[in-house]
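Asks: no sequence on this one, just coordinates:
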């Protein structure tokens, strides 16, 4: 790969402070979930570097499926099931409790222990009150990460679905008036542990995670024309994979990580192509006279959904990669675009315009029913959590581009305004080990 001319890109280390540049501001839905409680974890140490219970409580609330009891309303602060006065909690309507301890383990480490208990079983005197429990010794800087891990365990035990709190997001932040105004960012799903993967003087667009969570594909205009790059998040390797004349855009990894779907206009109108990463073989998928763009893979890797104007206005279509057969999926609203399939393949999440308002919507593929999830006016770039429970998207908040969260059922809503610059084009990572 040719050496970049001048200082077009300035790379920064991924190890940054744990402070969040994205602050989550809840705007709705916190009272509609299942009532649970997460008392403060007991500790003999003062000044713990992380409030583990608060992280867990916040995670469960943001899923849209739980309504954690405020700490100020808790009648007691138990750390084990043997300390719980079950009738008191049951009479408050609490279904389950997460409790635990955080104790110093030497050398800057802490032993974290937790229990998840069924309050109703405890009230009834059932011996199987503890649904799950665990403990681990972790470094101080990993306490927040381990708290997300506990949240994942609790979420899966209570819902039967895998939790997605130990995941990350990528997005582009914009800082006008600086030498390198465009930043490709990576952070925990809740905005903490934010770090800069690269900076550029020219626009960066459309980040997309590889299935193993170790690479990002994205569009860069560093040479004043669009090109698609793949960059390692940890080893910092960087490779240009598409720089054809015209448009090079919207890269999306296949579920097995061997291919990229992308948009190219090298043969005329923008069309969908699939690039084999290993062989660099390029396969054209669509060849319609209309604009085809924004491809996204089905979970089984056998088809793509995409936006096309072949029906007059942008709508969502699906193409079978083996047969080339294409079907239109969306019919409601003025237009629909930027779709991605849910991890279970049963629905698509998209931007739907109705009466001039761009909102995030979800369409059930079997019934065709459309559920509008947001009520703001200029929502775009939705990305679905790997378990399908949450959607992160770009919106306008207080006059600036920022990110927002909405649960897949539309109950929970929150804004993630940036404390520094504007933020756009979010992408949710896959499950991370």
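Replies: Done, it's in. All values derive from a computational prediction rather than experimental measurement.

Asks: the helices in the stretch 51-200 of the chain, which residues?
Replies: Per DSSP state H, counting those that start in this stretch, the stretch 51-200 of the chain carries helices over the ranges 52-62, 86-91, 119-123, 143-159.

Asks: So for residue 425, which of the ones you listed sits nearest?
Replies: Nearest of those to residue 425, taken as Cβ to Cβ: helix 52-62 at 20.8 Å. The way it works is simple: take the backbone N, C-alpha and C, and place the C-beta from them, glycine included.

Asks: for the closest one, the distance to its chain's centre please.
Replies: Per Cα atoms, centre = their mean, to the nearest Å, the displacement of helix 52-62 from the mean C-alpha position of its chain is 16 Å.

Asks: And it, what's buried?
Replies: 52, 53, 55, 56, 57, 58, 59, 60, 61, 62 (16 or more other Cβ atoms under 10 Å).

Asks: Out of the residues you listed, the closest to residue 384 would be?
Replies: Distances from residue 384 to these, taken by Cβ to Cβ, are shortest for residue 62, at 14.4 Å.

Asks: now the closest one: how far from residue 110?
Replies: As judged by Cβ to Cβ, to the nearest Å, residue 62 and residue 110 stand 24 Å apart.

Asks: now swap in residue 337 and tell me
Replies: Remark: distance between residue 337 and residue 110 (Cβ to Cβ) = 47 Å.

Asks: Looking at those two, which one has more neighbours?
Replies: residue 110 (24 against 21; other Cβ atoms under 10 Å).

Asks: hang on, the earlier thing: I'd like the buried residues of helix 52-62 written out as CSV, with pLDDT added.
Replies: Shown next, in CSV, are these (pLDDT from 0 to 100):
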residue, pLDDT
52, 97
53, 98
55, 97
56, 98
57, 96
58, 93
59, 93
60, 93
61, 89
62, 86
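
Asks: where's residue 242 relative to residue 221, distance?
Replies: Distance check for residue 242 against residue 221: by Cβ to Cβ, it reads 13 Å.

Asks: repeat for residue 383
Replies: Taking Cβ to Cβ, one finds residue 383 at 21 Å from residue 221.

Asks: Which of these two has more residues huddled nearby?
Replies: Counting neighbours by other Cβ under 10 Å for residue 383 and for residue 221 shows that residue 383 has the greater number, 25 against 16.

Asks: following the helix or strand encompassing that one, which helix or strand comes up?
Replies: Using DSSP states H and E, residue 383 sits in strand 380-384. Next along the chain after strand 380-384, taking DSSP H and E as the criterion, comes strand 390-397.

Asks: in that next one, what counts as buried?
Replies: So strand 390-397, judged by 16+ other Cβ under 10 Å, has buried residues 390, 391, 392, 393, 394, 395, 396, 397.

Asks: Could you pull up the mean pLDDT of it?
Replies: Across strand 390-397, pLDDT averages out at 92.

Asks: packing partners for that strand?
Replies: Secondary-structure packing of strand 390-397 (3 or more Cβ pairs under 8 Å, 6 or more residues apart in numbering; DSSP states H and E): strand 380-384, strand 400-407, strand 413-416, strand 422-428.

Asks: Dump those to JSON lines, plus distance to residue 266 and mean pLDDT.
Replies: What follows is these, written out as JSON lines (distance: least, Cβ to Cβ, whole Å; pLDDT from 0 to 100):
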{"stretch": "strand 380-384", "distance to residue 266": "25", "mean pLDDT": "96"}
{"stretch": "strand 400-407", "distance to residue 266": "30", "mean pLDDT": "89"}
{"stretch": "strand 413-416", "distance to residue 266": "37", "mean pLDDT": "86"}
{"stretch": "strand 422-428", "distance to residue 266": "23", "mean pLDDT": "94"}
